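> quick one, what's the 3D model for this:
(2 chains)
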Amino acid sequence: MSVAVQSRPAFDVRKLREDFPILKSLVHGRPLVYLDNAATTQKPARVIDALRTYYETQNANIHRGVHHLSEIATQAYEAARVKVQRFLGAADGKEIIFTRGATESINLVAQSFLRPRITAGDEVLITHLEHHSNIVPWQMLRDEKGLVLQVAPIDDRGDVILEEFEKRITPRTKLVSVTQVSNALGTVTPVHRMIELAHRRGVAVLIDGAQAVPHLAVDVRALDADFYAFSGHKLYGPTGIGVLYGKQALLEAMPPYQGGGDMILSVTFEKTKYNHLPYKFEAGTPHIEGVIGLGAALDYVTGIGLGAIAAHETDVLAHGTTVLSQIPGLRLIGTAREKAGVLSFELEGVHPHDIGTILDQQGIAIRTGHHCAQPVMDRFGVPATARASLALYNTNEEMDALAAGLKKVAEVFRS
Amino acid sequence: MNELGDLYQEIILDHYKKPRNAGRIEQPTCSAAGDNPLCGDKIAVTVKKVGSRIEDIRWNGAGCAISTASASLMSEAVKGLSMAEFESLFTRFHDMVTGKGSPEGLDKLEVFSGVSEFPVRVKCASLAWHTLKAALEGTSDTISTE
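Residues are numbered from 1 along each chain as shown, chains lettered A, B, ... in the order given. Coordinates of the predicted model:
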């Protein structure tokens, strides 16, 4: 038997950019350079078309009607679930819960998994890199039930200090919840190793994959993640749709998150029988077009291949790092050994907000502020940073445009 | 880039780099702290009032060029004003940066008229003013009134 080498078409960023209608925009008379992808990505025509097609030819409520449209809407919705299952490498579609986003996915785990299992003094372990959405849900349980928040520190590069992480797994640890890629710094964390360390002590692990799934291939079974959360809109899909993956046995044992329609088998005033997985966790009419749009986005990225996307983005990130490092007074914040998609920086004597405004006048969109990760800002002693974040459609030329834009910023302030 | 030139005028950059009246009054008659959580700008204002007049004002904070220059220029503009004069200036400044009023007669503060072209930056320009207003009205974090 011969081994066939599967060849993909070469990654052609010029051609791929044509898939994104918004990238043709002019902003303040200049071609848009969109570098705020960690906030949200732009959408390919394929996703936009899927939403239109849904409303023009398929719209109906799902899992209810016996009529034709309801049947095809249900099929489209469930087909997207299978796409997510394959995308994450999950064993079964039952393990894929649709939510409003990574934030709701984390809250679901906090309320349905952790809340019933804890008493005062039990612990959750996170890292210093976390987004507020992986801090506040645990603080709510701290205030309500006395949960203790343990935080694994990071070093000056922005890497998690693994020995310190390990030390903080104690007999009281009931959950480890960590990001796979930092939204503020771009650090790729060693989740595989962290999961291993937690499992050795019998502790379940939730991975916040919101910033990871657009940049690297994820296999929840290879990772042995117990829960995995991500948002559709950071992965070229619509806003308002996200995913929680959970191992079936864990999800089966959890009480529902919200009550309502679709999550029940039968209801009387005396007793309600809950529906099976995954519907037990999908109360009410879901975000049907969001799910279908997410399915289209997954088709799009898997068609290109996450390996190819990652390779391209790594090149652009390296080029961006080089050209930004040459700018006098510019300090990169977050220089982890492994990074994905993010260049966070400050420019001496210029507040990030002013950088953002002056770049915007040149058509360059970046994020400035604390990136919903204030503890990270505190760790590096800055109130805010400027952040350029990448997607598959960004180019080395755009990194050059960013560098030129930053030189203009320096000029305005040098006067 | 004309709009940009309107926003980052020389006088704004000058006050950003060399803020006036920075610091704090040791025994203020009133004070307040303000922050803009969106961008992390923070300011603390201390005031010495004599009668109903602003005798002295000091402020400290960390922020962007617009918010820093605004605090600096405000501190110069409000010294010696009565409460009624401050109220009137506050309203005119606010109307100018939100594009509702003309900059005419606002003297040095006219340099902030360009801010109205940048809606997300209006909060930067008005943070110091709102904080001073809160201090004078004793609505927030006021240490004492006379």
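> how about the helices in chain A?
With helices called from DSSP state H, chain A shows them at A:13-17, A:45-53, A:68-88, A:102-108, A:136-145, A:162-167, A:191-200, A:220-223, A:248-253, A:288-304, A:306-325, A:352-360, A:374-379, A:396-414.
> closest to chain B out of those helices?
Closest to chain B of these is helix A:352-360 (Cβ to the nearest Cβ; 3.9 Å). Heads up, the C-betas are built off the backbone N, CA and C, glycines and all.
> any idea how far that closest one is from the chain center?
Taking Cα atoms, centre = their mean, to the nearest Å, one finds the center of helix A:352-360 at 25 Å from the center of the full chain.
> stretch A:304-320 now?
The answer for stretch A:304-320 is 17 Å, by Cα atoms, centre = their mean.
> flag every buried residue along that stretch.
A:304, A:306, A:308-310, A:312-314, A:316-317, A:319-320 (16 or more other Cβ atoms under 10 Å in any protein chain shown).
> let me have the residues you listed in a markdown table, adding distance to A:G186 and pLDDT as columns.
Converted to a markdown table, these look like this (distance: Cβ to Cβ, whole Å; pLDDT from 0 to 100):
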| residue | distance to A:G186 | pLDDT |
| --- | --- | --- |
| A:I304 | 21 | 97 |
| A:L306 | 17 | 96 |
| A:A308 | 19 | 97 |
| A:I309 | 15 | 98 |
| A:A310 | 13 | 97 |
| A:H312 | 16 | 98 |
| A:E313 | 10 | 98 |
| A:T314 | 11 | 97 |
| A:V316 | 12 | 98 |
| A:L317 | 8 | 98 |
| A:H319 | 15 | 98 |
| A:G320 | 11 | 98 |
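> re earlier: a markdown table please, covering the helices of chain A and showing distance to chain B.
A markdown table is the format used below for the helices of chain A (distance: least, Cβ to the nearest Cβ, whole Å):
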| stretch | distance to chain B |
| --- | --- |
| helix A:13-17 | 26 |
| helix A:45-53 | 27 |
| helix A:68-88 | 33 |
| helix A:102-108 | 18 |
| helix A:136-145 | 14 |
| helix A:162-167 | 27 |
| helix A:191-200 | 29 |
| helix A:220-223 | 35 |
| helix A:248-253 | 36 |
| helix A:288-304 | 27 |
| helix A:306-325 | 20 |
| helix A:352-360 | 4 |
| helix A:374-379 | 7 |
| helix A:396-414 | 5 |
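> among those helices, which gets the worst mean confidence?
Sorting these by mean pLDDT places helix A:374-379 lowest, at a mean of 91.
> what does it contact?
A:128-130, A:132, A:135, A:151, A:154, A:158, A:182, A:184-185, A:370-371, A:383-385, B:40 (Cβ atoms under 8 Å, 6 or more residues apart in numbering or on different chains).
> now do stretch A:342-350
A:38, A:181-186, A:211, A:317, A:320-321, A:324, A:327, A:329-334, A:352, A:355, A:371, A:382, A:385-390, A:406, A:409-410, A:413, B:17, B:65.
> filter these down to the buried ones, ChimeraX style.
Burial among the contacts of stretch A:342-350 is assessed by 16+ other Cβ under 10 Å; the matching ChimeraX selection reads:
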select /A:38,181,182,183,184,185,186,211,317,320,324,327,330,331,332,333,334,352,355,371,382,385,386,387,388,389,390,406,409,410,413 /B:65
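> now, which of the contacts of helix A:374-379 lie within strands?
Using DSSP state E to define strands, the subset of the contacts of helix A:374-379 located there is A:151, A:385.
> can you map out the helices along chain B?
So, for chain B - with DSSP H - the helices run B:2-7, B:10-17, B:65-78, B:83-97, B:122-137.
> of those helices, which is nearest A:H276?
Ranking those by proximity to A:H276 (Cβ to Cβ) places helix B:122-137 first, at 49.3 Å.
> state the mean pLDDT of that closest one.
94.
> tell me how far that helix is from the chain's mean position?
Counting by Cα atoms, centre = their mean, helix B:122-137 comes out at 6 Å from the chain centroid.
> what of stretch A:239-258?
Distance, stretch centre to chain centre, for stretch A:239-258: 16 Å (Cα atoms, centre = their mean).
> near chain A, which residues of chain B?
Contact residues (Cβ under 8 Å from any Cβ of the partner chain) of chain B with chain A: B:1, B:3-4, B:7-8, B:10, B:13, B:17, B:38-42, B:62-66, B:68, B:118, B:120-121, B:124.
> now the end-to-end length of stretch A:381-389.
21 Å (Cα to Cα, to the nearest Å).
> related to what we said a few turns ago, just send the buried residues of stretch A:304-320 back as CSV, with distance to A:Y228 too.
Putting the buried residues of stretch A:304-320 into CSV (distance: Cβ to Cβ, whole Å) gives the following:
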residue, distance to A:Y228
A:I304, 22
A:L306, 15
A:A308, 22
A:I309, 19
A:A310, 18
A:H312, 24
A:E313, 21
A:T314, 23
A:V316, 26
A:L317, 24
A:H319, 31
A:G320, 28
